[in-house]
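Chemist: sequence plus predicted model, see below.
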Amino acid sequence: MLKKVVLSLMLLCASGVALSAQEMEYMDDIDAKEAAKMIKEEGAVLIDVRDPREFLYAGHAVGSVNIPIFFVRIDLPPVATRLKVAEVERKKEKAIHVKKSYRPMMDENKKFVEEVKKAAGGNMEKPLILICRSGERSHYAANKLAKNGFENVYNIEKGFLFDWRASGLPSGGE
């Protein structure tokens, strides 16, 4: 049995199939123009997986449904730390990287799969297109949906900022 498993793994590796945690389980990565065509011609549902604040204030694809895969929680540093950061920025006359002092945390949406199922009308074969800012969170979310039985899940590889908006497709909320 062990020989069969090792042989199978060797064959998979030799054929160029990557074995990793980031392995693609969903249908395909597509670009924004392909997504727009699928929405129009096939009735695909466009799901924006970003945090609601990002969806509302950074802009979003017109007609997309916001179902976050993660909620962003930010633990503010003490006021003294924020004052020091502001002072350093004034002295340098430019913004500095403060992400570490603000400690953003991503809490996974435990109702994500259930909410997507509602958006798809319970149809596990409905074409679903996922989008986020740059394609990373939507990649993760697309895999999660595929692993939970959704059959036609696509990811906009370069996301809202670098593909949808850059292609001039309709967007709002900025």
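Modeler: Perfect, I can see it now. Everything numeric in this text was worked out from a predicted model, so none of it was measured.
Chemist: so Arg73: helix, strand or coil?
Modeler: strand (DSSP: H, G, I helix; E, B strand; the rest coil).
Chemist: how close does it sit to Tyr102?
Modeler: 11 Å (C-beta to C-beta, to the nearest Å). Placement of C-beta: from N, CA and C, glycine included.
Chemist: show me which of those two is the more surrounded one.
Modeler: Between Arg73 and Tyr102, counted using other C-beta atoms under 10 Å, the more crowded position is Tyr102 (14 against 11).
Chemist: so who does the closest residue to Leu76 other than its chain neighbours touch?
Modeler: Excluding the flanking residues, the one nearest Leu76 by C-beta to C-beta, 6 or more residues apart in numbering is Tyr102, at 6.6 Å. Counting by C-beta atoms under 8 Å, 6 or more residues apart in numbering, Tyr102 makes contact with Ile74, Asp75, Leu76, Pro77.
Chemist: I'd like the residues you listed as JSON lines, with neighbour count, distance to Val88 and pLDDT appended.
Modeler: JSON lines is the format used below for those (neighbours: other C-beta atoms under 10 Å; distance: C-beta to C-beta, whole Å; pLDDT from 0 to 100):
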{"residue": "Ile74", "neighbour count": "10", "distance to Val88": "20", "pLDDT": "87"}
{"residue": "Asp75", "neighbour count": "9", "distance to Val88": "20", "pLDDT": "84"}
{"residue": "Leu76", "neighbour count": "10", "distance to Val88": "17", "pLDDT": "87"}
{"residue": "Pro77", "neighbour count": "15", "distance to Val88": "13", "pLDDT": "88"}
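Chemist: tell me where this structure has strands.
Modeler: 28-30, 45-48, 60-61, 65-66, 70-74, 104-108, 128-131, 153-156, 171-172 (DSSP state E).
Chemist: let me know which of the ones you listed is tucked in deepest.
Modeler: Among these, the stretch with the highest mean neighbour count (mean count of other C-beta atoms under 10 Å) is strand 128-131, at a mean of 28.
Chemist: got a list of contacts for it?
Modeler: Strand 128-131 is contacted from outside by 30, 35, 38-39, 44-49, 61, 64, 116, 119-120, 138, 141-142, 145, 150, 152-156, 159-160, 164, using C-beta under 8 Å, 6+ apart.
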